[in-house]
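A.B. asks: structure, please.
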Amino acid sequence: MSTQESLRRAAGVTAILVGTVCVYAIRQVDPDLYGHLAYGRYFAASGLAGIDPFAYTTSGAHWVAFEYLAQIAIWFAYAALGPAGLIVLKSIIGGTAVWLLWMSIRSTTEEPHVYLPVFVLCTVPLTRYFLFRPQLFTFVCFAAFVAVLFRTLLRHRAPLWVLPPLMLTWVNTHAGFIAGIGALGLSLLIRVSANVHQHRGSSGRPWFSDTGQLFTTLAACCAVTLATPWRLDLWRYIAAELVHGTNRRYVAEWQPVSWAREPWSAISLAAILGALTLATWSSAGRRRRVHGLPPWQWAATCAPLLAMAMLSVRHVPLAAIWSAPVISLLATSGWNAGRGQTFARLWLIVTTTAALPLVAAVLYVAEHPAPRIAVGGVLLGSRDPCRAAAFLRINHVRGNIFTPLWWGSYLTWQLSPDMRVSMDGRNISAFPDPTVLENLRFYTQQTGSDPATPLQYDTDLLLVPADAPVLAAVRQSHLWQSLYADEDAALFTRSDRPVRSNETRVPPPACSPYLQ
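C.D. replies: Down below sits the predicted model:
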């Protein structure tokens, strides 16, 4: 066996170990998981809901349940095996996404000293967002699109025909399908740009040679996006999501990358930018082309997703998936161009930096090897409503409960159909933006929140986090009576029509640190 072949085998084994650790590492509850379980349970039992059955503030408004297929899958996995079923589902989908990332990188190079570091560089930020949520389907579908499209752009054999059927699944599981449309459009621009460079001095038809399959695939994928129960309503939702700013102001995953809030994502994104810059520099040269394009144009294809990732951390995985084959392609060209020891040393620095988050993932798995899903502080912020929910359940309390947006999904999971919430993690897919803002301001602004705000709706109960600024005003208000309190939350019933409960008021049990 040659030395090169031995290196490739060692790189393959290393990649398997890295992918396994990274896919398995994140086993923590996200606040929206409970909503996905509740909605999937409902869809499996009753079919799709045209009218919202979970919230009372919207008065039976139309609900675009665009993630219904993913939510049904999440519910079936949980119903079959409990938390272990969710881990299995995540591992299958996430593992497939990582394998597709590997395939897209390998389509660009045969050099293990290039493709293994790039794989590590981009796998870690991708898998840090492998939560138990429908976005998993976006990651695997986008990785499949990128793998197929890069093989097409590099003129390898590629099954473009699989993308429209894949889009059919994607559009019914998560709204991130728009990234697939964008990747197809960007690939068309890359092919046209390469043709322009190849046929410099001519115009017209030569620019669009070998673009027919890409055009057809793009048109088919766009048509498939209407093959959902929501048809044009889905596109209206996406348009609303793109222009409104409430999420970007209040929800952490919609906010810019921050060294303070999410240092590992910041490190990973900085390493990706550094590797891309270095690879572009190394491959640059007078009239130099990499598969028909100047290196800077390949690097420019990463700019939209990298900019989106900087503005919103939820886009970091998509930036990693697209950037990986571009970095590998340019780094291989630079390596072969003979930039010498300078490039090799800089490449070692960048890839070593990329390995730092991997070390954190390995240490976390070593400390928490058991297949359990942790609740902890990641669940619902600094406070936890599980004992308040247990109090309501075991004391058979009924009614409509006004609750923070970030607690609504958990309470729906625990208390539906006996109780309905004011708002949950569905956000603007089910609630008007002014209603979302009203809820967030009521619970988060430091002064001025009016204890009477929940009473403009048919509210029976009010749940307030123990650290919410409005709590003191609610306690002093004659509009509310205390029903239950612990160090995490306080529960109130309205004074003019207090809810009924067991007279004995059974105290709730302690909460488990793991998903049950």
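A.B. asks: every contact and neighbour count from this point should use C-alpha atoms.
C.D. replies: Noted.
A.B. asks: what's around residue 372, how many residues?
C.D. replies: Neighbour count for residue 372, taken as other C-alpha atoms under 10 Å: 17.
A.B. asks: sec struct for it, please.
C.D. replies: Secondary structure for residue 372, judged by DSSP: H, G, I helix; E, B strand; the rest coil, is coil.
A.B. asks: need the contact list for it.
C.D. replies: Going by C-alpha atoms under 8 Å, 6 or more residues apart in numbering, residue 372 touches 27, 83-84, 514-515.
A.B. asks: the residues you listed into JSON lines, with extra columns for pLDDT and distance to residue 244?
C.D. replies: Rendered in JSON lines, the data for those read as follows (pLDDT from 0 to 100; distance: C-alpha to C-alpha, whole Å):
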{"residue": "27", "pLDDT": "92", "distance to residue 244": "31"}
{"residue": "83", "pLDDT": "96", "distance to residue 244": "34"}
{"residue": "84", "pLDDT": "96", "distance to residue 244": "37"}
{"residue": "514", "pLDDT": "87", "distance to residue 244": "35"}
{"residue": "515", "pLDDT": "90", "distance to residue 244": "33"}
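A.B. asks: who wins for neighbours among the residues you listed?
C.D. replies: residue 27 (24 neighbours).
A.B. asks: surely that one is in contact with residue 373?
C.D. replies: Yes - using C-alpha atoms under 8 Å, residue 27 is in contact with residue 373, at 4.8 Å.
A.B. asks: quick check on residue 481: phi, psi?
C.D. replies: phi -120, psi 140 (degrees, to the nearest 10).
A.B. asks: on that earlier part again, tell me which of the contacts of residue 372 is nearest to residue 413?
C.D. replies: residue 515 (12.4 Å; C-alpha to C-alpha).
A.B. asks: list the contacts for the residue nearest in space to the middle of the chain?
C.D. replies: In the chain, the C-alpha nearest the mean C-alpha coordinate belongs to residue 135, at 4.4 Å (C-alpha atoms, centre = their mean). By C-alpha under 8 Å, 6+ apart, the contact list for residue 135 reads 174, 176.
A.B. asks: where do the strands sit along the stretch 351-500 of the chain?
C.D. replies: Counting by DSSP state E, counting those that start in this stretch, the stretch 351-500 of the chain has strands at residues 399-402, 419-421, 461-465, 480-485, 489-494.
A.B. asks: what's next to the shortest one, contact-wise?
C.D. replies: Pointing back at strand 419-421 there. 53-57, 398-403, 408, 411-412.
A.B. asks: mind redoing it with 6 Å?
C.D. replies: 54-55, 398-402 (C-alpha atoms under 6 Å, 6 or more residues apart in numbering).
A.B. asks: in the contacts of residue 372, find the pair that's most separated.
C.D. replies: 84 and 514 (11.6 Å).
A.B. asks: where does this structure dip in pLDDT?
C.D. replies: Along the chain, segments meeting pLDDT under 70 span 1, 60, 200-205, 207, 286, 337-341, 376-382, 428, 501-505.
A.B. asks: scan it for its longest helix.
C.D. replies: helix 341-367 (DSSP state H).
A.B. asks: and that one, what does it pack onto?
C.D. replies: helix 263-283 (3 or more C-alpha pairs under 6 Å, 6 or more residues apart in numbering; DSSP states H and E).
A.B. asks: buried sites along the helix it packs on?
C.D. replies: By 16 or more other C-alpha atoms under 10 Å, the buried positions in helix 263-283 come out as 264-283.
A.B. asks: the closest residue in space to residue 401 that isn't next to it in sequence: neighbouring residues, count only.
C.D. replies: Counting by C-alpha to C-alpha, 6 or more residues apart in numbering, residue 401 lies nearest to residue 461, which is 4.5 Å off, once chain neighbours are set aside. By other C-alpha under 10 Å, 28 other residues sit near residue 461.
A.B. asks: for residue 461, what are its contacts?
C.D. replies: Residue 461 neighbours (C-alpha under 6 Å, 6+ apart): 401, 492-493.
A.B. asks: helices of the stretch 1-150 of the chain, start to end?
C.D. replies: 3-25, 31-46, 68-81, 83-106, 112-127, 135-153 (DSSP state H, counting those that start in this stretch).
A.B. asks: closest one to residue 482 among these?
C.D. replies: helix 31-46 (25.9 Å).
A.B. asks: distance from that closest one to the middle of the chain?
C.D. replies: Mean C-alpha position of helix 31-46 versus that of the full chain (C-alpha atoms, centre = their mean, to the nearest Å) differs by 18 Å.
A.B. asks: just the buried residues of that helix, please?
C.D. replies: Buried, per 16+ other C-alpha under 10 Å, within helix 31-46: 31-44.
A.B. asks: if we can go back for a sec, and which of the contacts of strand 419-421 is nearest residue 110?
C.D. replies: Checking those one by one against residue 110 (C-alpha to C-alpha), the nearest turns out to be residue 54, at 53.1 Å.
A.B. asks: nearest residue to the closest one in space, please, no chain neighbours.
C.D. replies: residue 420 (5.3 Å).
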